[in-house]
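**Q** When you get a sec, could you give me coordinates for this:
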Amino acid sequence: MSITKNQHYVPQFLLKKFKISPPIDSKVQIHLFDKHSQTTEIKSIKHVFAEDYFYDEDNLVENQLGLVETQAAIGINKIINDDFSVLKTDADILLQFIASQYSRTLARRNSSHKMIDDVQMNWVKSMFNINKNVSQFKESFEAESIDYGNFDYTADNFRSISAMNAVNGLV
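**A** Presented below is the predicted three-dimensional model:
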């Protein structure tokens, strides 16, 4: 089985619903709008809403998401073609797909990262406050001048957060 390096957090089957037709340079492309600069550009679907190893390097999460996406794509295509019978038969897979999609975005990863960072920083501050009066240097501790440092994260940490969010969405 091959390993997927370029892992999308917005599935390609959804992006292809917005493709430019006819394709430019024989690539499947979309118009991408940047809300901050209020500009659009044309990008290959292969390179938007994706990162190398966004979830994992062994593809366990990527493959599980792929299974759900394959089933959901069938139902979503039926709905697009005015066949709503899928809502009676496959509502559970569509709900699982929607929940996983919400949980696996870049914004969700960033908010999870911030939450984890805040918890760690609060823990450090609490430990510091508990121990400041027993320190031999307690005279030099002034709350306003303390540098609590910061936490540096590696790609593996971000990948773990993305994988955790994606799996939680599937569950």
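
**Q** what about the helix or strand harbouring residue 7, average pLDDT?
**A** Using DSSP states H and E, residue 7 falls within strand 6-8. Strand 6-8 shows an average pLDDT of 92 in the prediction.

**Q** Can you tell me which helices and strands that strand packs against?
**A** Packed against strand 6-8 by the contact rule (3 or more CB pairs under 8 Å, 6 or more residues apart in numbering; DSSP states H and E) you find strand 50-52. Placement of C-beta: from N, CA and C, glycine included.

**Q** And the strand it packs on, what's buried?
**A** 50, 51 (16 or more other CB atoms under 10 Å).

**Q** And for stretch 39-56?
**A** Buried residues in stretch 39-56 (16+ other CB under 10 Å): 43, 45, 49, 50, 51, 53, 54, 55, 56.

**Q** now the strands for this protein?
**A** With DSSP state E as the criterion, the chain has strands at 6-8, 29-34, 39-44, 50-52.

**Q** which helices and strands sit right next to the second one?
**A** The reference is to strand 29-34. On a contact count with 3+ CB pairs under 8 Å, 6+ apart, strand 29-34 meets strand 39-44.

**Q** Give the partner strands of the strand it packs on in its sheet and their orientations.
**A** When pairing is defined by DSSP bridges, strand 39-44 lines up against strand 29-34 (antiparallel).

**Q** what is the rounded mean pLDDT of the strand it pairs with?
**A** 91.

**Q** Ok, stretch 54-64 next?
**A** The model assigns stretch 54-64 a mean pLDDT of 89.

**Q** From the chain's centroid, how far away is that stretch?
**A** Put simply, stretch 54-64 sits 12 Å off its chain's centre (CA atoms, centre = their mean, to the nearest Å).

**Q** Then stretch 6-25?
**A** The answer for stretch 6-25 is 18 Å, by CA atoms, centre = their mean.

**Q** okay, how far is it across that stretch, tip to tip?
**A** 20 Å (CA to CA, to the nearest Å).
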